[in-house]
Every structure is written in structure tokens, then in C-alpha cells.
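> Structure of the sequence below:
(chains A, B and C)
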Amino acid sequence: MDVEDFLADLNKSQRDAVTYTDGASLVVAGAGSGKTRVLTYKIAYLLLQGISPHAILSLTFTNKAAREMKLRIAAVVGDAVAKRLWMGTFHSIFSRILRSEAECIGYPSSFTIYDSADSKSLLKSIMKEMQLDDKTYRLNMVQSRISNAKNALVTSGSYQSNKDLIAGDISSKVPLIHEIYTRYQNRCKQAGAMDFDDLLLQTNILFRDHPAVLEKYRGHFQYILVDEYQDTNSAQHMIIQRLSEIHQRICVVGDDAQSIYSFRGANIDNILKFKQIYNNCQVFKLEQNYRSTQTIVNAANSLIDKNTEQIPKTVFSENAVGEKIKVTASYSDYEEGYAVASGILELQENKSYDFSHFAILYRTNAQSRILEEALRKRNIPYRIYGGLSFYQRKEIKDVLAYFRMIANPHDEEALKRIINYPTRGIGDTTMKKVFTAAMEYQVSPWNVISDPQAYNLAVNNGTQNKLRVFSALIESFRDLASNLNINDLATLVVKQSGLSALLYQDRSVEGISRQENLQELLKGISEFCDIKREEGEEETYVGDFLAEISLMSDQDTNTDENRDQVTMMTVHAAKGLEFKNVFVVGLEEELFPSSMNKDNYKAIEEERRLFYVAITRAEEHCFLTYAENRYLHGKSNFCTPSRFLKDIDPSYLQMAEGRGRSFASERNTYNSPLKQPHQAYSQTIVSTENKTNVTTERLKSIPTNTLNSVSIDFAKGLTSGTRIRHDRFGDGKVLTLECSQSDKNDIKVKVLFNHFGEKQLLLKYAKFTILE
DNA sequence: GGCCGGGGCATTTTT
DNA sequence: TGCCCCGGCC
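Below you'll find the predicted structure:
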């Protein structure tokens, strides 16, 4: 492929950022400025320069981002090459490395990954064992202190000797955090488990304590790229720094103005101070916004300008000027919902938008209920994002817990979940004894259960027998697991554990839904095996499956995106997305900014960035609404308009007629609700004048290079050029067929799919039909 | 072991 | 207001 042609799709600064590959670089990418585009092109560019895909490490924050990027790169360089890239989330890439180096740091390579619920449950047990008052030691607080420590690379050992932390805990009246942390860490290790934070912390420990291992990966990863750098925490930053220290070929991309995850340990200084850490660092600024109207971009700029700590940049748009941002006051949260619903319907009718062109963004999930009600009353289809993800549902976690016990029986949290589910007469009393014995002998509860006598477990013969039956069940699964693929194993486990019988005797609505979820899981497992098989892996075992899904979130499982629905989500969840029309609701003091952050200047700046993220999601229309009264925790509260509304240059705003007060001068002076005429609903938000045609530049599809490998034109009626429809990848065209020399039935088909780029499929497993 | 009711509580959550 | 957790009771 011609490199010049390929670069012609980029603007000057994007091109400069892509082609600079000699040393460290920071790409400051304003909202909507083609950040992902630069990353994908840069990787493709490196590959076209002849760099091995193997030598490129590229890190993202979500699986979805990694997958999409891989797909786009595959469209340029082909699936086979893209597949060999080290591309994924920090957590998935480093869990992979940790698995292969696990024994250096004393973990089994089949270690379990504890999700946040597992780690909560373990902490709860520990605090109970320590007889701590759970009102003083609040679970969420304890968990976040430990998590913050890990993200700041403070191990349990260094926590204990850190005077500031200890003093801080004493003054917060929780002096025993260090003790909880130490016990927690020991228990995780005993269970052969790492929590999400461990994946980063242990990687650092591995690299710190094993120079040879570090050298190996340093040599391996010749180029390192990191997306969303503003959201990295210290642990991630340190891993990157260690790996890139020698060659300095690191490129980080991000936008300091969109750093909104400090509460999860993200450290905005990582991006602000990047230049100081890497001398000779080149800075590229992507300042042209291709997403939004000029008005939206300018309004967002005027807002973020009020923050003090930021990298100077001038984001601009050459799109249409667009309409002003409409600000609407409503009497109550209820009417705010009504106003939003009316706004959607009106705009939709006037400009023939689909429902899927709208998003409603809010600060807290609790706000969704009332909005949902308003939309439902007006028959507006919607989809709420957030809430329990598929893998967090009880019935799913139960099945997965059996798998976890099979892969790693020392997994204490999995054991707790299933030992008496379905009921086997092993109750709390027995388990308490088991845990006490486990602690006394410094072994895992599984060790105790599988050999009670060795650990002097004081239980009667009946109980001993029950334990024996349970451990025999798990052992029998474990015996099978090494020769049985996960698909067959899953069917067997669900049946023999008694789970399916239990689930299927419940005929209630919820029960039926649980059964459906179980079926969904089994279907998912079967598809997972199919995918692996098509990619050339004959069998997938329980460990492979767990390794993959324990780092998946609901973001990855969202299917049926094609429905025409209004999107409702928190502002946090909307990061990285874009919509033609955006409603940002609940712009009130105490809510946005959140009351928890109002006294802290840094926190207020983060809330302001959050608002910036919200506004910049909009391509064509942006609406801001607030209510004067809102139900919160069961009682009605008077609300003051958000201070952030005053931060936006008023020339980009339009107050909804009739009720558009100047909140700038009237804070706290609006009429009391009693004096307010109880008019039914607020003014509708949309004005029909100023129809502007906003043209948003769409990313051009990446051109595909041609292939020239030898084709063997037979097998199932396929020849190169045949159009097929694949069950999952949709329509595509066969490029080549290739027959393995050892096995004539082993035919690989390269197909160029319209939406998924180039894929290599194994003919005997691929599910497709021939078109024409 | 499962069900019911009272009390306390309440952001945001890429992994 | 509504959810979750715990403790008490059957």
C-alpha cells in the first residue's frame, strides 16, 4: 500500500503525530479531534514500515476500544497481522504477562481474578473475623482506601511503615486499615487470586524484583502506545515508564480536559507532567474538532477555560455554526423529564431524526427513573445503560464460581458461593470452622475441606460426609476439565451440580428470567468456542474461558445496538461516544457538581471536566436543563442552578423563553415554589427556527490493501470472489482459499467482510451461506 | 434454611 | 423514596 495515499486521510497535525516514531511523544487530542484515528493510523504506519506486530504494545482502557481499533487496523494490514499485535486493556495484557511469569512472584499461573464484588466479600469476612464495627469501618471506604493504596503502588508492607497513611487513618478513626490490608493481601495470595488492582501492582512488583523479566519485555516491546492517558493511575504510569525507559519509543494520547476518573485513582499529573518525565518529548496537539458545531465547541471551550490546571490548547470547529445551546429551567424534576421528552419529540419531527440520535446524560444513575417514566408516557423508546452487567447477575456468577473452583479450587470466594448452593447441608457453622482451621494452618479452605482430618476439623461424621461429597464433586469436574472443552464441561457442570434443577423448579417471572440468563450464558460459551475454533484453536478449556471473561464488562456484551432508541446513561459512561443531540439534565448545585465534591477545588475542576465531556458528546444540538425542586432521598429539595452554567459564555446560550431567568444574577433569589404558578410543564426546549445543516465529517473507511497469496479455488463451491454471508460477521467477499499440506480438509478462507475487515476462517467450522 | 420486616443508607465505576 | 443488609422467627 502506498504510504502517501494512506496519510492523505489525515490533517497536518494528525499526520505529524502519526509519522513521528523516533522517541517519546504526547498527543494532546481535544474532544472529537480524531484521537482514535491517529492511534490506529500510527500503528498501521509502524506496521507498513516493517515493524513486527509482535513488537508493538498498544494499551486501551476498555476491551471495546481495543477490539474496534484492532478491526480498523486489520482493514489496512490484514487480519493475520493485526491479530499478532499486543493490543488490549492494561488489565488484560498484563494479566497475560503475569500468567506466564506467575511463579516468579508466588502465584499460580491459573490465578483467579477477583472482581470488585469478590474483593468486597473477602474484606467483609476479614472485618468480621477482626470483629470490627462495620459502621466505623465502612466497606466501601475500606475497599477504596486499599484500592487507592495499590494504585499508588503502596503494598501492604509499605502501608504499615508509611507514617502519613497511618496518621491519616488514625485521625479518620480507622487505625486498623493497614491490618485489614495485610490480611486481605495474604488471603488473596492464599486463594491464588488477584483483584483488578493487583494486576497492575503485581506487574510492577514483577518488573521491580525480576530485572531479567523486565529486560525480556523491554526488548520485546519496541513501540508502546497508550490511549486515554489522562485516565492512567500511578501503577499504570510506572509500568509504562519501566518498559519504555531505554528506547523511549512511547506515544501517549489523551485529553487532560477529559480526565474524569480520579476517584478511581487516575492521576491527571501523568499527562500534565509527561513532558518533564520524557525529555526530548515531542508534543502534538490535535485541535480541530470534527464532531460538533462551532457553537458547541466554543461553549465547551469557554467552560473548560475556567479550570486552572490544563495543557493550553485551542480546540476549534470548521463545521456549521449551529444553534445555540438551549438552557431550560423546570419547576421540578418531574417536569424536567417531561420537557426533555417533548424536546426529543419536537426535534425528531421537525428534523426527521431517529430516536437513536438522542442521548440523555445525567450525573447520577438515580436520575434515570423519573426520566424513564417521562419517556415511557410519551411512547419514546429508550435504553438505559448502567446497572448490573450480565456477568454480575447472581445466576451467572454462580455458574462461573463452579468454573473457578475447577480452574483453581483454592479460590475462597468461589467456594463460599457454591459450597452450599444448591444446599448440601453445609451451613455457616461448618464453614466458620473450616475458615478457622484454614487460618490456623495457613492453608486454603479447600485444603481443609478435602482433608478435614489433617487439619483437625471438629465436625461430626454426617458433616464430614457432606464435605466429602462436595469435594468429590469438584474433583470429578476437575478430572474432566483437562480433557473436556468448556462447552461440554459447562453443560455437565450445570446439570451435575444441581444448579439447573434448582433454577428450573422456580416458575416465577424472575425465575424464568434467570433460566433465560443461564441459557444465554451457555449460548455465549458455545459461541466463544466457535470463534476460537474458527480462529484455529481446536478446543477451549475452562481456564481460557475464565481468563477472557473475568476482564469483560457489560460494555462488551451490549448487543442489539441497532434498535432505534434514545440512549440514557451517566456522563461518565458517555465518554468516548457521540450523539447528534444531547440533553444534559440535572444541572443543579449539589447534583452537578455533586455535593460530595463541592468543597474541594480539585474535585470541582474534575466535575467541570465532566460537564465538558457531557457537552462535547453533542454533534448538532445540545440542551441543558435543571429543576428548581428535586426529590432526593425521599424528600423534596430546593435546587440552585449549577455554577457551571455561569461558566459558559452566555453568547452561546439561549434561555428557554418565558422561564429562562438569568441565573447569573439571581442565584437563590428565584420565587419560592409556593408563589410559583403551578404551571403544568416547562416550556418546550426546541425552537424550530434556524434550521442549520450540520455536516459532521464522517471517518472515511480505511482502504484495504490487496492480497496476492496463491488461491486454491475449490471447496464447498467457494472461489475467490464468492460473496458470502457469515452468521456473525455479515456479508463479505472471499479473497483466497488456502489448503494445509498435511490435511486436505483443513482449508483456511480469507474473507473481506464489509463491516469487520479481513478475517481468516477455518472452512470446516465457519458458519456462512453463499450469496448469489 | 428461608422468609419477613426494620433500620440505615445513599456519586461517578473503562478493569 | 427505595434498596440492601441483618437479625429474628418459623
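
> Please list the residues of the stretch 1-150 of chain A that sit near DNA strand C.
By Cβ under 7 Å from any atom of the strand, the residues of the stretch 1-150 of chain A that approach DNA strand C are A:124, A:134. In this view, the C-beta of every residue, glycine as well, is placed from N, C-alpha and C.

> Sketch out the helices for the stretch 51-200 of chain A, chain order is fine.
Counting by DSSP state H, counting those that start in this stretch, the segments of the stretch 51-200 of chain A that form helices are A:63-77, A:79-83, A:90-101, A:116-129, A:139-151, A:156-160, A:163-171, A:177-190, A:196-209.

> roughly how far out does the one helix or strand residue A:39 maps to sit from the chain middle?
Assigned by DSSP states H and E, residue A:39 belongs to helix A:35-48. Mean-position distance between helix A:35-48 and its chain equals 22 Å (Cα atoms, centre = their mean, to the nearest Å).

> what about the longest helix in chain A?
Counting by DSSP state H, the longest helix found in chain A is helix A:509-534.

> In the helix or strand just after that one, which residues are buried?
Using DSSP H and E, the next helix or strand after helix A:509-534 towards the C-terminus is helix A:542-549. For helix A:542-549, a neighbour-count test (16 or more other Cβ atoms under 10 Å) marks A:542-547, A:549 as buried.

> who's in contact with helix A:542-549?
Residues external to helix A:542-549 that are found in contact with it (Cβ atoms under 8 Å, 6 or more residues apart in numbering): A:95-96, A:99, A:110, A:112-113, A:391, A:400, A:403-404, A:406-407, A:481, A:486, A:489, A:525, A:528, A:532.

> Tell me if it is near DNA strand B.
No: contact between helix A:542-549 and DNA strand B is absent, the nearest approach being 10.2 Å (criterion: Cβ under 7 Å from any atom of the strand).

> Would you mind getting the angle between that helix and helix A:90-101?
With axes from the mean of the first three to the mean of the last three Cα atoms, to 10 degrees defining the directions, helix A:542-549 sits at 150 degrees from helix A:90-101.

> quick one: the helix or strand that contains residue A:749 to helix A:63-77, angle?
According to DSSP H and E, residue A:749 maps onto strand A:747-753. Strand A:747-753 runs at 100 degrees relative to helix A:63-77, counting by the same axes, to 10 degrees.

> If you count contacts, what does strand A:747-753 end up packed against?
If contacts are counted by 3 or more Cβ pairs under 8 Å, 6 or more residues apart in numbering; DSSP states H and E, strand A:747-753 sits against strand A:723-726, strand A:730-739, strand A:757-762.

> which residues touch whatever helix or strand residue A:503 lives in?
Element membership of residue A:503, judged by DSSP H and E, is helix A:499-504. Contact partners of helix A:499-504, identified using Cβ under 8 Å, 6+ apart, comprise A:395, A:398-399, A:402, A:422, A:493-495, A:511, A:514-515, A:518.

> One more pass at 7 Å, please.
A:395, A:398-399, A:422, A:494, A:514-515, A:518 (Cβ atoms under 7 Å, 6 or more residues apart in numbering).

> where do the strands sit along the stretch 151-300 of chain A?
A:193-195, A:223-226, A:250-254, A:282-286, A:288-289 (DSSP state E, counting those that start in this stretch).

> Apologies, that question was intended for the stretch 301-450 of chain A.
Using DSSP E, counting those that start in this stretch, strands in the stretch 301-450 of chain A cover A:316-317, A:325-330, A:358-362, A:382-384.

> Poorly predicted segments of the stretch 201-350 of chain A, please.
Within the stretch 201-350 of chain A, not a single segment meets pLDDT under 70.

> tell me which parts of it are close to DNA strand C?
Counting by Cβ under 7 Å from any atom of the strand, no residue of the stretch 201-350 of chain A sits close to DNA strand C.

> Find the closest residue to DNA strand C in the stretch 301-450 of chain A.
residue A:369 (7.2 Å; Cβ to the nearest atom of the strand).

> State the number of residues packed around that residue.
Neighbours of residue A:369 under the rule other Cβ atoms under 10 Å: 13.

> Next one: it relative to residue A:361, how far apart?
15 Å (Cβ to Cβ, to the nearest Å).

> what do you get for residue A:95?
From residue A:95 across to residue A:361, the span is 32 Å (Cβ to Cβ).

> and residue A:514, what does it touch?
Applying Cβ under 7 Å, 6+ apart, the residues near residue A:514 are A:395, A:503.

> How much space separates it from DNA strand C?
Plainly put, residue A:514 is 15 Å away from DNA strand C if you go by Cβ to the nearest atom of the strand, to the nearest Å.

> Quick check: pLDDT value at that residue.
What the model reports for residue A:514 is a pLDDT of 85.
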